[in-house]
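Visitor: Could you look at this predicted model? Sequence included:
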Amino acid sequence: MSLKIRKNVKEATVSTFLLAAILVAAFGCARRSDQAEGEKRFITIKGSDTMVHLVSNWAQAFMQKNPGIEVSVTGGGSGTGIAALLNGTTDICAASRKIKNNELMLAIEKHIQPNEIAVARDGIAVIVNPANPVDELTIEQLGKIFTGKSSRWSDFSGPDEKIIVLSRESSSGTYVFFQEMVLKKQDYMTDAKLMPATSTIIQSVSTDRWSIGYVGLGYALAAKDKVKILAIKADENSPAILPSEQTVKSGQYIISRPLYLYLNGQPKGTLKEFVDFCLSNEGQAIVQETGYVVVK
Amino acid sequence: MKAIWKEKAVKLLLLSTASTTILIVISIFVFLGKEAGPFVVEPGLKELLSTRWMPVSFQKESFGILPLITGSLLVTCLAALLMVPFGIGASVYISELAKPLEREILKPFIEILAGIPSVVIGFFGFVVLVPLIKACFRLSSGLTALAGGILLAIMAIPTVISISEDAIRSVPTSYKEASLALGASKMQTIWKVTVPAALPGITAAIMLGIGRVIGETMAVMMVTGNAALITAWPFDSVRTMTATIAAEMGEVAFGSVHYRALFCVGIVLLLATFGLNVVAQKVLKKYRVA
């Protein structure tokens, strides 16, 4: 399982690069083919960094099935993607969070109707160093750690060591989601180290014995031998649940979120084909291969 | 007659290319001011002086840039502390003591060091230096201001060496000869005569090095831990102004208060490097006239 995911993450990386190369080449001739017929031949997708691997894999498979259609995928963050959708510079926005109210207001102003389609789920795994004796925490305890109310592992039947809290940067959709879901909308402690990327969190957790961090499930499983994934309890009396495809899908593992595609209005023509492809069995198989969880 | 016109036209063309830089600098200032301006009205400059940088919050967003300024300051000071002895020591050796062969070997390496992209240095820092600092000082995490300072010093040292070497070399030989003729040893001549004579140039070199250090982004972002704390302790994690802009600009909602705040940070940063450069140029000029 872990091997398979790791292989896929690797493949995804390679394919992302390939795709980028193809897209650079494609950009040159894109404009010409864009409006040649009534049908759209060129789709742009922009948004969440979490979803870049997934969307690129979809795009690649879709392009293989539909030669002549070009799909361009870029990251930049969910906020960037939504802004692009509102400015009309992208056809589809990939977002790891729901559109915010102020963004909706802006959309109304610009006569754009954001249409939300849930295409996959992502579990957020909480990781610690393998040397850490703590195996499970409740959501409330996690909240205390990340807001700084508890600062020593001894509060959670661990050794008397200071907890090193690692978080993503505030620009990350995961940061906001974790804040809402686990911190119950409280602020992160100011001592929390904000890491620029998922890989840097994994690297730090694997070297710093008493650190704790959160990363997407796919990344955590891929690094299973370097970090320990904690089992999470919804509250004191619930069972501790380890994140996995099954537990995220069934909703037993509660730190999980839907991933969305946003379009302007109802999808038509090629855009509809693409969205349908993402939701098809084939598209959902790609979701699984990339390390995320299917919606159906 | 025709030839004169031609000459004038070429001169004008060259002038315009040269003055493009002025135009760019001015438009950058104007653009920064324009984007940051509304912050003065809402929520007001007082907000910038608070001690908390918490731009994404469900409770209350705070945009105090003090922790960011102290963060940049601490990392810069640490880098300067390392940069000065290494920079001066190396430049004295290369210009005064090294045999020609040694110089042939040393110079290209210093140039290579100057050419390494900062992301690569940051990556090296994250994988090698951070665990090393953690082990050496028995810390629970190596993501510290010190790690940032060391990396920045590594990046700035080539600049410091090459400029101060120039300064030391251009000290007139008559000074040294006079000193040696009076019976001073080689070392005495270097430290009592040559280096003091080249001091303005060395000062300028250090200031330019510091200018590079303040503006550096990627490497610092990877190793300092980026926690917005106000601290003077090198083993704490700090968040620099550059890292803040780089990390947050990508996702910030266009035109929001957070967006404006980031431009305010940009202005502070620009003023700092601008000031340093002006002072460094002045020092350098004075020394050239003398």
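Guide: Perfect, thanks for sending it. Numbers count the residues shown, from 1 in each chain, chains lettered A, B, ... in the order given.
Visitor: Could you tell me how many residues sit around the nearest residue to residue A:177 once chain neighbours are set aside?
Guide: Once flanking residues are discounted, residue A:177 sits nearest to residue A:257: 5.2 Å by C-beta to C-beta, 6 or more residues apart in numbering or on different chains. For every residue, glycine as well, the C-beta is placed using N, CA and C. Residues near residue A:257, counting by other C-beta atoms under 10 Å in any protein chain shown, number 23.
Visitor: Was I right to think residue A:257 contacts residue A:181?
Guide: Yes: between residue A:257 and residue A:181 there is a contact under C-beta atoms under 8 Å: 7.5 Å.
Visitor: Please enumerate the shared neighbours of the two.
Guide: Residues touching both residue A:257 and residue A:181 by C-beta atoms under 8 Å, 6 or more residues apart in numbering or on different chains: residue A:124.
Visitor: Give the full set of residues in contact with the residue in the stretch 51-200 of chain B positioned nearest to chain A.
Guide: Residue of the stretch 51-200 of chain B nearest chain A, by C-beta to the nearest C-beta: residue B:58 (3.6 Å). Residues in contact with residue B:58 (C-beta under 8 Å, 6+ apart) are A:179, A:180, A:185, A:186, A:187.
Visitor: buried subset of those?
Guide: A:179, A:186, A:187 (16 or more other C-beta atoms under 10 Å in any protein chain shown).
Visitor: Restricting to those, which residues neighbour chain B?
Guide: Among these, the residues that sit close to chain B (C-beta under 8 Å from any C-beta of the partner chain) are A:179, A:186, A:187.
Visitor: For the helix or strand containing the first one, give me every contacting residue.
Guide: Assigned by DSSP states H and E, residue A:179 belongs to helix A:173-181. Where contact means C-beta under 8 Å, 6+ apart, the residues beyond helix A:173-181 that reach it are A:48, A:50, A:77-79, A:95-97, A:124, A:139, A:146, A:167-170, A:185-188, A:214-216, A:254-255, A:257, B:56, B:58.
Visitor: Okay, and which of those map to strands?
Guide: Judged by DSSP state E, those include A:95, A:124, A:167, A:168, A:214, A:215, A:216, A:257 as members of strands.
Visitor: how about the residues you listed in TSV, adding distance to residue B:107?
Guide: Below are the ones in strands among the contacts of helix A:173-181 laid out as TSV (distance: C-beta to C-beta, whole Å):
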residue	distance to residue B:107
A:95	52
A:124	51
A:167	44
A:168	43
A:214	48
A:215	45
A:216	47
A:257	55
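Visitor: From these, pick the one nearest residue A:275.
Guide: residue A:95 (13.9 Å; C-beta to C-beta).
Visitor: okay, now the closest residue to the closest one other than its chain neighbours: neighbour count?
Guide: In this structure, residue A:95 finds its nearest non-sequential neighbour in residue A:78, 4.2 Å apart by C-beta to C-beta, 6+ apart. Neighbour count for residue A:78, taken as other C-beta under 10 Å: 33.
Visitor: Please look at residue A:78 and residue A:97 and confirm they touch.
Guide: Yes: counting by C-beta under 8 Å, residue A:78 touches residue A:97, with 5.3 Å between them.
Visitor: What are the boundaries of the helices in the stretch 1-150 of chain A?
Guide: Using DSSP state H, counting those that start in this stretch, the helices of the stretch 1-150 of chain A run over A:2-34, A:52-65, A:78-87, A:101-109, A:139-147.
Visitor: Could you see whether chain B lies near the last one?
Guide: When you say that, I think you mean helix A:139-147. No: figure legend: helix A:139-147 not in contact with chain B (C-beta under 8 Å from any C-beta); closest approach 10.7 Å.
Visitor: Residues touching that helix, excluding its own?
Guide: The contact list for helix A:139-147 (C-beta under 8 Å, 6+ apart) reads A:126, A:137, A:149-150, A:155-156, A:163, A:165, A:167, A:178, A:181-184, A:186-189, A:192, A:212, A:232-236, A:254-255.
Visitor: buried stuff in that helix?
Guide: Within helix A:139-147, the residues that qualify as buried are A:139, A:141, A:142, A:143, A:144, A:145, A:146, A:147, counting by 16+ other C-beta under 10 Å.
Visitor: Farthest pair within the contacts of residue B:58?
Guide: Pairwise over these, using C-beta to C-beta, the maximum falls at A:180 and A:187, 11.9 Å.
Visitor: if I look at residue B:255, how far off is residue B:20?
Guide: Here the distance between residue B:255 and residue B:20 works out to 29 Å (C-beta to C-beta, to the nearest Å).
Visitor: For the chain, give me the ranges with low pLDDT.
Guide: Answering for chain A, as no chain was given. Within chain A, the stretches with pLDDT under 70 are A:1-39, A:296.
Visitor: try chain B instead
Guide: Within chain B, the stretches with pLDDT under 70 are B:1, B:251, B:287-290.
Visitor: Quick one: name the residues of it near chain A.
Guide: B:52, B:54-59, B:67, B:126-127, B:130-131, B:134, B:140-143, B:221-222, B:225-229, B:237, B:239, B:247-254, B:256.
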